[in-house]
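Enquirer: Here you go, sequence then predicted model.
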Amino acid sequence: MQPQAMWSPENLRNPYPFYAALRESAPVHVLAAFGGTHAITRYDDIAPILKNPALFSSQRIAPGLHLPKEVGEQARRFFRAQNNLIASDPPQHTRLRTLVSKAFTPRRVAEMEPRIRAITRQLLESMLAHEEFDLMAELAVPLPVIVISEMLGVEPERRQDFKRWSDHVVQTVALSQGKLDPGPILQSLEQLHAYLEETIERRRREPQDDLISALVEAAEGFLEVEDLISFTRLLLVAGNETTTNLLGNALVSLLRAPSELARLQATPTLVPSAIEETLRYEGPVQSLMRMTTQDTQIAGHPIPEGTRLFLVLAAANRDPRRFKEPERFDITREDQGQLAFGHGVHFCLGAPLARLEARVALEELLPRVRQLAFASGQEHDIDWGESFLLRGPRRLRLRAERCPS
Ligand code: HEM
């Protein structure tokens, strides 16, 4: 197998034929160019791996980002794996997850719905003032960042700063590939750190009705300020680009299947199942990493201790052994169980929030428009970015007629 094919321009545009070729030819592939990482693509192999963190560790993979030396100690500090939820294994993970889920409750998320609707309407108002618009820049990128900053309790006058800082936190991944000027990014990381440190101290003294105060309260006596800062940063990294991509991927999938878009516009109660289908069909997180803690076997193949595994969720979500007609985007699909939010102990903490934001965005957008379509030349020229871990359009130029209100 040619692993470099994974990031060929053709595969970044459409990775699914490559995933299918891997999945249908063998259950395990050794990717020599990735230092012997083993790629696993079948649903019935990946789901049990995610359920077994003792044998398939997240902690051992950490720190995950190999930043070049010149980026320096400053940036490294931001990615130390100490008490990092997503990069820990039970029992430490269980302790951290219990603490943060006390603050990040489904009730707190559900209470955000009216506010999410108001923010969405405001963004749509300005987006739909033009017949042609970039859905990503106008809706999909700003929505999650505004929502999480309001949930955390970032003051309105700091939101612009916060948006810049969180964009830069996400870009630190590209730093490890030597593609960006580290100066402005490091400056943002420093400023975000200082802002969060100060805010956490202030909320400790004077709690408000916000997520930072709830985290401070839940973690009192258990977590240091550094751990709270690290968790807040995780919410930014794990929650923003992924939700942005979910919205972009939903629109691309619907526009490429016009009969499904028409069905959805005719029957808005199908929005939640259209979102589930997008997660299966065009998942924002394409792959996860794990490392074996002992010699083991996967589908009969011996795998030594210390092997890095590349679990291709997006391939499992189109596994014909698990899903009927997996290559069809079907918004009324009945077979559930897609793995886009992971599975087992690390199952996405933000899944209810991501689902809510995507539902509200589609519920508000679709009745406001008719003749929704790709702008000229856009359909076959989508820039999917350069990551094979996260998938979503960088820009998405669409056009629509606005319905009279
Ligand atoms: C974990 C996907 C949105 C916060 C995960 C994992 C996946 C995932 C696959 C599992 C990682 C692993 O097992 O190694 C997604 C997708 C999203 C999304 C596809 C949007 C469509 C969000 C949002 C937030 C969030 C909105 C919070 C604001 C987290 C956190 C974890 C996580 C904190 C770590 C949970 C743990 O380790 O116990 N997410 N996510 N995610 N996600 Fe999300």
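Expert: Okay, I see it. Numbering: from 1, shown residues only.

Enquirer: For the residue in the stretch 301-405 of the chain positioned nearest to the ligand, give me its contacts.
Expert: Across the stretch 301-405 of the chain, the shortest distance to the ligand (C-beta to the nearest ligand atom) belongs to residue 350, at 1.9 Å. Heads up, the C-betas are built off the backbone N, CA and C, glycines and all. By C-beta atoms under 8 Å, 6 or more residues apart in numbering, the residues touching residue 350 are 104, 235, 238, 239, 242, 243.

Enquirer: Surely the second one and residue 145 touch.
Expert: Read that as residue 235. No - the pair residue 235 / residue 145 is not scored as a contact, 10.8 Å apart, by C-beta atoms under 8 Å.

Enquirer: Most neighbours among the contacts of residue 350, please name it.
Expert: Counting neighbours by other C-beta atoms under 10 Å, residue 243 leads these with 27 neighbours.

Enquirer: The stretch 301-405 of the chain: helices as residue ranges?
Expert: 313-316, 351-365 (DSSP state H, counting those that start in this stretch).

Enquirer: Quick one: closest of those to residue 100.
Expert: Residue 100 lies closest to helix 351-365 among those, at 13.1 Å (C-beta to C-beta).

Enquirer: Could I get the average pLDDT for that closest one?
Expert: Mean per-residue pLDDT for helix 351-365: 98.

Enquirer: what do you get for stretch 93-101?
Expert: Mean pLDDT, computed over stretch 93-101, is 92.

Enquirer: Return the distance of that stretch from the chain's centre.
Expert: Put simply, stretch 93-101 sits 20 Å off its chain's centre (C-alpha atoms, centre = their mean, to the nearest Å).

Enquirer: buried set for stretch 147-160?
Expert: For stretch 147-160, burial by neighbour count (16 or more other C-beta atoms under 10 Å) applies to 147, 148, 149, 150, 151, 152, 153, 154.

Enquirer: which parts of this protein sit against the ligand?
Expert: Counting by C-beta under 6 Å from any ligand atom, the chain comes close to the ligand at 58, 85-86, 97, 148, 234-235, 238-239, 242-243, 246, 284-285, 288, 340-342, 346, 348-350, 353-354.

Enquirer: Among the buried residues of stretch 147-160, which lie within helices?
Expert: Taking DSSP state H, the ones among the buried residues of stretch 147-160 that sit in helices are 147, 148, 149, 150, 151, 152.

Enquirer: tell me the pLDDT at the fourth one?
Expert: Per-residue confidence (pLDDT) for residue 150: 93.

Enquirer: Tell me if I'm right that it and residue 116 touch.
Expert: No - using C-beta under 8 Å, residue 150 is not in contact with residue 116; the gap is 9.1 Å.

Enquirer: Need the distance between the two termini of stretch 24-41.
Expert: Across stretch 24-41, the terminal residues are separated by 9 Å (C-alpha to C-alpha, to the nearest Å).

Enquirer: Sorry, slip of the keys, the one I care about is stretch 307-316.
Expert: Counting by C-alpha to C-alpha, the terminal residues of stretch 307-316 are separated by 20 Å.

Enquirer: pLDDT (mean, whole number) over it?
Expert: 96.

Enquirer: Pull the residues that contact that stretch.
Expert: 15-16, 19-20, 22-23, 31, 34-43, 46-47, 49-50, 56, 61, 283, 285-292, 303, 322, 339-340, 342, 391.

Enquirer: out of those residues, which are inside helices?
Expert: Judged by DSSP H, the contacts of stretch 307-316 include 16, 19, 20, 22, 23, 43, 46, 47, 49, 50 as members of helices.

Enquirer: out of those, who has the most neighbours?
Expert: For the ones in helices among the contacts of stretch 307-316, the largest number of neighbours (other C-beta under 10 Å) sits with residue 46, at 27 neighbours.

Enquirer: so that residue touches residue 38, yeah?
Expert: No - using C-beta under 8 Å, residue 46 makes no contact with residue 38, being 11.9 Å away.

Enquirer: what sits in contact with each of these two?
Expert: Common neighbours of residue 46 and residue 38 (C-beta under 8 Å, 6+ apart) do not exist.

Enquirer: Now which of the contacts of stretch 307-316 would you call buried?
Expert: 15-16, 19-20, 22-23, 31, 37-43, 46-47, 49-50, 56, 61, 283, 285-292, 303, 322, 339-340, 342, 391.

Enquirer: and residue 133, what element?
Expert: Per DSSP states H and E, residue 133 falls inside strand 132-134.

Enquirer: Run a quick neighbour tally on the closest residue to residue 47 other than its chain neighbours.
Expert: In space, residue 47 comes closest to residue 343 once its chain neighbours are excluded; the distance is 5.6 Å by C-beta to C-beta, 6 or more residues apart in numbering. By the measure other C-beta under 10 Å, the count of residues near residue 343 is 21.

Enquirer: Against residue 164, how distant is residue 343?
Expert: 34 Å (C-beta to C-beta, to the nearest Å).

Enquirer: list the contacts for the residue in the stretch 1-150 of the chain that the ligand sits nearest to?
Expert: Going by C-beta to the nearest ligand atom, the ligand is nearest to residue 86 of the stretch 1-150 of the chain, at 3.9 Å. By C-beta under 8 Å, 6+ apart, the residues touching residue 86 are 58, 234, 238, 346.

Enquirer: most surrounded residue in these?
Expert: residue 58 (24 neighbours).
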